[in-house]
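S.K.: When you get a sec, could you give me coordinates for this:
(chains A and B)
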Amino acid sequence: MSAPATGNGADGEAPLLAVHDLKKHFPIHHGVISRVVGQVYAVDGVSFEIKPGETLGLVGESGCGKSTVGRTVLKLLEPTDGRIEVRGTDITGLNARAMMPYRQQMQMIFQDPYASLNPRMSAAQIVEEPLIIHDVGAAAERTERVAQLFERVGLGARHMHSYPHEFSGGQRQRIGIARALALNPDLIVGDEPVSALDVSIQAQIINLLKDLQEEFELSYLFIAHDLAVVEHISHRVAVMYLGRIVEITDKTKLFETPLHPYTEALLSAVPIPKARSRGRKRTILAGDVPSPINPPPGCHFHQRCPYAHDRCRVEAPTLREILPGHQAACHLHDDGPALPLATPAGD
Amino acid sequence: MDILTQVEPSGQVAPREFAALEDAVLEIADLQTHFFTDDGVVRAVDGVSYAVRKGETLGVVGESGCGKSVTALSILRLVANPPGRIVGGAIRFEGRDLLEMSESEMEEIRGNEISMIFQEPMTSLNPLFTVGRQIAEAISLHQGLGKREAMELAIEMLNRVHIPEPASRAQAYPHQLSGGMRQRVMIAMAMSCNPKILIADEPTTALDVTIQAQILDLMREIQEQLGQAIILITHDMGVVAENADRVVVMYAGRKVEEAPVDELFDNPGHPYTMGLLSAIPNLEEAAHDEGGQARLNEIKGMVPSLANLPPGCVFAPRCGFATDQCTSAYPPLTEERPGHWVACWHAGRLLEAGS
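M.R.: Numbers count the residues shown, from 1 in each chain, chains lettered A, B, ... in the order given. Alright, predicted model coming up:
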């Protein structure tokens, strides 16, 4: 088991959320009696912490398990193994009823503002629903609270009785944010909350999320594939690859001194919207992400890693602190930090 | 040159920009593609002109609904009719107007001379046939080769797009391949007849960033070998910056700016382009913004409905520089600097202030 990643400085502060060696495997059923023939190792031992008021970015490519982490942390999916703690209380084994008070504290914003709003409810009903479920306030108070929330996320009160299809994508995402804010949560998990939006609208929503964080001292677990967006909004960033966190540190260190070859390649692959970027030299990884049904032995990344050596093919590296406040799971640093990353192994 | 100087319906004179563009393999002049819907006429493409040179990559950039894809579909006359119809303009390819051609003449052009790859390769591949057979079919259809030779060439094409074990992968069905592999198959198919122009409509948008880098690299490599022109349609300013020679920026069915790539990123002349560039988080700056104080520039409001465009400049309602002139008349495209065209009444002033 790897130790949970701690943030930079402010070590005395208790984490709002702590995740220890979290695993989520999905069984694969086959045949008439639905025999279990295999497992999808979607999340395979992930540990991290989020402090009050902090944004942890979770970045990785499709199928790396980042969305499953988000859902499992909120217990929308039952974890297979591991421990989830909210302010030191273990919530892993709690049933739906016992989860209720914790659900108030942890809310979610989804990627697709089209699929995550009930088309039969008006915008005001959607935002009010969590208040009703958690029995907050009388009807008149709830109506007032909904009006406040609309105002706060930049939707006019005149929109309150419109239905989701009458809104644009950006406006729908604002409704989703208002719904998530309704119960005054401490933590919001955003699963690709801006990826479906056009750039000009994306900027509006990112700014709104940052303003809300400051105003309400929110913590975010911000899950996204766009590294530039993640670096912009996060304080710390965790990089996932095939069910595991391969590197976690504050955003500046991640960018300046990536310790994992995958992070290095990911940073290098992001296209830069600036003049004279044409023909820029960059690391291009060979091959595709392997299947989480049958992950490769050893380090999950070794087949695509330009620095892989024999040990990487058999032994999985553990996530450990290599530089102060900077964890990575890579054998390159076995004899102390190897920076810049070692020259490619010649084979 | 007659079409180049004709007066547009809106009363403005279309620019004579092609006069400056030598070696153009394709010229689009004042293209208008409209959709006739129950909610009215949607002016998806409303007087767009651009040209692409032999061997160059022209980036066409803009947000959803700006008309960038419909323009491309219009080139190959693939706009669904009804509801869509090309109602005006010309598309010149090797001295002929594609819009004047018969359907059978167009079939000779598609695939052979101009081919296209799309965002989601799964929807453009037939799930019932092996990928080798689909490429071979395109080859035998366009080049009149026999079955066996066509299959050999198909395998050669798969090899060329760096698909490992091409002979056995040719026997795979599309669902057996990853997204990146499927896009390689699409590129192999599009390139199999050695077209003069490749239209790539968001070719990497559905792909992960490390796979995107592979595919863009492959497209560059093939372009260097075969020398065709590429029209690269994307919403991603980074993809444009790293791959295009020249860039066309579209907004609400119109071209608002065109410039060589470095000029565009150094000196954007249209307020919309400026807005877009400052709305995207920059990886390096974001990483060094330790206090998290930086804010992204917002372009207020949203894209107007194409069925109900505002009078004057279509960007004026969202523009911080808009004046009365902007809301009364659409600005003509003017060449502010060599090869740098901007449709903005204030472009001269903005460019001067910027540099």
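
S.K.: Please count neighbours and contacts with C-alpha atoms only from this point.
M.R.: OK.

S.K.: Could I get the full set of strands for the stretch 151-300 of chain B?
M.R.: B:197-201, B:229-234, B:246-251, B:254-260 (DSSP state E, counting those that start in this stretch).

S.K.: Save those as TSV, and put in distance to B:A353, mean pLDDT and mean neighbour count too.
M.R.: Formatted as TSV, the strands of the stretch 151-300 of chain B follow (distance: least, CA to CA, whole Å; pLDDT from 0 to 100; neighbours: other CA atoms under 10 Å in any protein chain shown):
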stretch	distance to B:A353	mean pLDDT	mean neighbour count
strand B:197-201	34	95	24
strand B:229-234	29	96	25
strand B:246-251	21	97	25
strand B:254-260	17	97	25
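
S.K.: Which stretches in the stretch 201-347 of chain A count as helices?
M.R.: Secondary structure of the stretch 201-347 of chain A by DSSP state H, counting those that start in this stretch: the helices cover A:227-233, A:251-256, A:261-269, A:310-314.

S.K.: Would you mind reformatting these (as a markdown table) and adding columns for mean pLDDT and distance to chain B while you're at it?
M.R.: Shown next, in a markdown table, are the helices of the stretch 201-347 of chain A (pLDDT from 0 to 100; distance: least, CA to the nearest CA, whole Å):
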| stretch | mean pLDDT | distance to chain B |
| --- | --- | --- |
| helix A:227-233 | 95 | 4 |
| helix A:251-256 | 95 | 5 |
| helix A:261-269 | 94 | 6 |
| helix A:310-314 | 94 | 21 |
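
S.K.: Most tightly packed of those?
M.R.: Here the criterion is mean neighbour count by mean count of other CA atoms under 10 Å in any protein chain shown, and of the helices of the stretch 201-347 of chain A the winner is helix A:227-233, at a mean of 26.

S.K.: other SSEs contacting it?
M.R.: strand A:55-59, strand A:219-224, helix B:283-288 (3 or more CA pairs under 8 Å, 6 or more residues apart in numbering or on different chains; DSSP states H and E).

S.K.: and the strands of the stretch 151-300 of chain B as TSV, adding distance to A:N294?
M.R.: What follows is those, written out as TSV (distance: least, CA to CA, whole Å):
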stretch	distance to A:N294
strand B:197-201	34
strand B:229-234	34
strand B:246-251	43
strand B:254-260	47
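
S.K.: out of the helices and strands packed on helix A:227-233, which comes closest to A:D288?
M.R.: strand A:55-59 (17.0 Å; CA to CA).

S.K.: after that closest one, next one along is what?
M.R.: helix A:66-73 (DSSP states H and E).

S.K.: what angle separates that following helix from strand A:55-59?
M.R.: Using axes from the mean of the first three to the mean of the last three CA atoms, to 10 degrees, the inter-axis angle of helix A:66-73 relative to strand A:55-59 is 130 degrees.

S.K.: Mind putting the strands of the stretch 151-300 of chain B into TSV with distance to chain A?
M.R.: Formatted as TSV, the strands of the stretch 151-300 of chain B follow (distance: least, CA to the nearest CA, whole Å):
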stretch	distance to chain A
strand B:197-201	16
strand B:229-234	12
strand B:246-251	11
strand B:254-260	10
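
S.K.: export stretch A:61-79 as PDB, just CAs?
M.R.: Only the C-alpha atoms of stretch A:61-79 are listed here, as PDB (Å, rounded to 0.1, in the frame of the first residue of the first chain):
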ATOM      1  CA  GLU A  61      -6.300   9.700 -21.100                       C
ATOM      2  CA  SER A  62      -9.600   7.900 -21.800                       C
ATOM      3  CA  GLY A  63      -9.800   4.600 -19.900                       C
ATOM      4  CA  CYS A  64      -7.300   5.500 -17.300                       C
ATOM      5  CA  GLY A  65      -9.900   5.400 -14.500                       C
ATOM      6  CA  LYS A  66     -10.100   9.000 -13.600                       C
ATOM      7  CA  SER A  67     -13.900   9.200 -13.900                       C
ATOM      8  CA  THR A  68     -14.300   6.000 -11.900                       C
ATOM      9  CA  VAL A  69     -12.200   7.500  -9.100                       C
ATOM     10  CA  GLY A  70     -14.600  10.500  -9.000                       C
ATOM     11  CA  ARG A  71     -17.600   8.300  -8.800                       C
ATOM     12  CA  THR A  72     -16.200   5.900  -6.300                       C
ATOM     13  CA  VAL A  73     -15.000   8.700  -4.000                       C
ATOM     14  CA  LEU A  74     -18.700   9.900  -3.900                       C
ATOM     15  CA  LYS A  75     -19.700   6.300  -3.500                       C
ATOM     16  CA  LEU A  76     -21.900   6.400  -6.600                       C
ATOM     17  CA  LEU A  77     -19.900   3.200  -7.200                       C
ATOM     18  CA  GLU A  78     -19.100   0.800  -4.400                       C
ATOM     19  CA  PRO A  79     -15.300   0.600  -4.000                       C
END
